[in-house]
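> 3D, please:
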Amino acid sequence: SQDKKIIGLYNAEAVERKVYNSKMKYAEKIGMEKGIEKGIEKGMKKGLEQGLEQGIEQGIEQGIEKEKINVVKNMLKENIDINIISKVSGMSLEDISNIKNSL
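A predicted model of the protein is given here:
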């Protein structure tokens, strides 16, 4: 049709559809960015919590091992047989010999 009113209505509808689609794409983009930001923040928080927990566990294990070595050193200073020290401490004879050599 060559009717200008009809052509104008068609153009207005097309423009409105383009504006609507643009707004939807922008909203989707913003939503994705916010979702990604929240996901990263949540992931970092979880990673820090896990890292802290692992660090604490590792520190406790190292402290226990260090104390075990100190006890073995004290037993060696008291001239206790290394076979007995091995049974009591759970350490290998080789590890005890290494500790003995470091005294």
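> contacts and neighbour counts: CA atoms only from here.
Fine.
> Buried residues of stretch 83-94, list them for me.
Buried residues in stretch 83-94, counted by 16 or more other C-alpha atoms under 10 Å: Ile85, Ser86, Met91.
> and it, average pLDDT?
In this model, stretch 83-94 carries a mean pLDDT of 95.
> and the end-to-end length of it?
Terminal residues of stretch 83-94 lie 11 Å apart, using C-alpha to C-alpha, to the nearest Å.
> related to what we said a few turns ago, what's the closest of the buried residues of stretch 83-94 to Leu52?
Nearest to Leu52 among the buried residues of stretch 83-94, counting by C-alpha to C-alpha, is Met91 at 28.7 Å.
> show me the contacts for the closest one.
Counting by C-alpha atoms under 8 Å, 6 or more residues apart in numbering, Met91 makes contact with Ile85.
> quick one, phi/psi of it?
Per-residue torsions, Met91: phi -90, psi 150 (degrees, to the nearest 10).
> try Val72
phi -60, psi -40.
> Distance-wise, check it relative to Val88.
Separation of Val72 from Val88 (C-alpha to C-alpha): 9 Å.
> again, but for Lys23
From Lys23 to Val88 the distance is 74 Å (C-alpha to C-alpha).
> what's the answer for Leu52, then?
32 Å.
> gap between the most centrally placed residue in the chain and Glu41?
The centre of the chain sits closest to Gly47, judged by C-alpha atoms, centre = their mean, with a distance of 2.4 Å. Per C-alpha to C-alpha, Gly47 is found 10 Å from Glu41.
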